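Chemist: Here's my sequence, what's the structure:
(one chain, ligands or ions: 1)
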Amino acid sequence: MDSDIAALQEALLRPELRAGKAYHVADARGMVKLDAMENPYGLPEDLRASWLARLREAPLNRYPEPRPEALLAALAHHGGIPADQALMLGNGSDELIQLLILAVAHTGRPVLALEPSFVMYRIIAEHFGLPFVGVALDDDFQLDLSQFLREMATQRPAIVFLDWPNNPSGQCLPEATLEAIVAAAPGLVVVDEAYHPFSGLSFAQQLGHYPNLLLLRTLSKEGLAGLRLGYLAGPRPWIEVLDRLRLPYNINVLSQLSLDFFLTHADLLAEQADAICRERERLTAALQALGLKVWPSRANFLLFHCPGRAAAIHAGLRERGVLIRAFTGHPRLGDHLRVSVGTPVENQRFLTALENLL
Ligand code: PMP
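Modeler: Next comes the predicted model:
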């Protein structure tokens, strides 16, 4: 039986898929979880009760609305998306990255992004058998724009993904750099503003000024990671055509009701984002006081440098019940660790454990 399966897989599947590994998610049970850029604050009890009451309305026997227009309009308003731009929802922004790459896969042209940047751009490009080109950031995670433009002219990518702020550095390219890239790109440019609630910056006002610009957002980081909701915004002709690739009922009834609920309580999420930004500054200063190099972050996480001892520190923190992100074996990031900003209590547990280890 196993050998029959192996023979079938060899005949049917690409070698990269057969050789690859599943996306790794560390076991976080019982840990202070600072590895995945989640909002650490739950819901206050009264709000939780009214959310649950709202979910009781859910018609579970019916398919969800395929294009919930009123919800999309409310979301556009919440996200500061210009009113003349269109929107579509994804089951997390991951799904929208997949759908964008699916749309252009037939061209065989590369997907291009910063290196390092969010790992799913590369993983999904590889799933579709497309080449991935990563343009290296320098030692301080800054970009050489002329090198990037040269690479874009040679490679002619179908899509460029720019995470803004960048994951994992937390930094934002200058706005003029983004504009130069969008103006020169031979294909689509997707500005991925996953960390927008913490950056104080947005490229949304540029939508509609370029024929090739789209904006990607997620509600994961501002507090709804469990719901899996992301959105893509941009000119109507793009959203209309991409929407044909979306599975009709990709956003379930519970997620739609929850989104509607949270959009009417957005002030709570905004307050939590402010608290995270304040903690980010405190945590940056505390890490610097421990003698560590920390990159200034506009996101809800910090990248710091631990030359020669990143793996040991990561393991030591784990033993002390604190989970952060290591990049073991990564040629560029191997000496770095990334910590998500938690609650003041969680951050203190992290800092105390780290201080003991250093
Ligand atoms: N874009 C960036 C830059 C990210 O860092 C992440 C999550 N780590 C995502 C997109 C995906 O977010 P989600 O699928 O939860 O919407």
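
Chemist: Which residues of the stretch 251-358 of the chain lie near the ligand?
Modeler: Counting by Cβ under 6 Å from any ligand atom, no position of the stretch 251-358 of the chain is adjacent to the ligand. Where you see a C-beta, it was placed from the backbone N, CA and C, and this is true even at glycine.

Chemist: Quick one: the strands in the stretch 251-358 of the chain, in order.
Modeler: Assigned by DSSP state E, counting those that start in this stretch, the strands in the stretch 251-358 of the chain fall at 293-294, 301-305, 322-323, 325-326, 336-340.

Chemist: looking just at contacts, which helices and strands does the third one meet?
Modeler: Okay, so that is strand 322-323. strand 32-33, helix 344-357 (3 or more Cβ pairs under 8 Å, 6 or more residues apart in numbering; DSSP states H and E).

Chemist: for the first one, same thing?
Modeler: Strand 293-294 makes packing contacts with helix 266-289, strand 301-305 when contacts are defined by 3+ Cβ pairs under 8 Å, 6+ apart.

Chemist: Likewise for the fourth one?
Modeler: For strand 325-326, the contact count by 3+ Cβ pairs under 8 Å, 6+ apart identifies helix 310-319, strand 336-340 as packing neighbours.

Chemist: hang on, the earlier thing: can you tell me which of the helices and strands packed on strand 322-323 is most buried?
Modeler: strand 32-33 (a mean of 20; mean count of other Cβ atoms under 10 Å).

Chemist: Tell me the strands beside that strand, with direction?
Modeler: Paired with strand 32-33 in the same sheet, following DSSP bridges, are strand 322-323 (parallel).

Chemist: and E126, what element?
Modeler: helix 120-127 (DSSP states H and E).

Chemist: Okay, V32 and the ligand: tell me how far apart.
Modeler: Distance from V32 to the ligand, counting by Cβ to the nearest ligand atom, to the nearest Å: 19 Å.

Chemist: hmm, back to that, could the helices and strands packed on strand 325-326 go into TSV alongside mean pLDDT?
Modeler: Output for the helices and strands packed on strand 325-326, formatted as TSV (pLDDT from 0 to 100):
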stretch	mean pLDDT
helix 310-319	97
strand 336-340	98
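
Chemist: quick revisit: turn the helices and strands packed on strand 293-294 into TSV, including mean neighbour count.
Modeler: Listed next are the helices and strands packed on strand 293-294 as TSV, based on neighbours: other Cβ atoms under 10 Å:
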stretch	mean neighbour count
helix 266-289	16
strand 301-305	23
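
Chemist: Redo the ones you listed as JSON lines? Include mean pLDDT.
Modeler: Putting those into JSON lines (pLDDT from 0 to 100) gives the following:
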{"stretch": "helix 266-289", "mean pLDDT": "97"}
{"stretch": "strand 301-305", "mean pLDDT": "98"}
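
Chemist: domain parsing for this protein?
Modeler: Following the TED database, one finds the domains of the chain at 1-44+267-356, 62-265.

Chemist: Can you report how many residues lie near the residue of the stretch 1-150 of the chain found nearest the ligand?
Modeler: When distances are taken as Cβ to the nearest ligand atom, the stretch 1-150 of the chain reaches nearest to the ligand at G92, 3.0 Å away. When neighbours are counted by other Cβ atoms under 10 Å, G92 registers 19.

Chemist: Having no further points to raise, I will conclude here.
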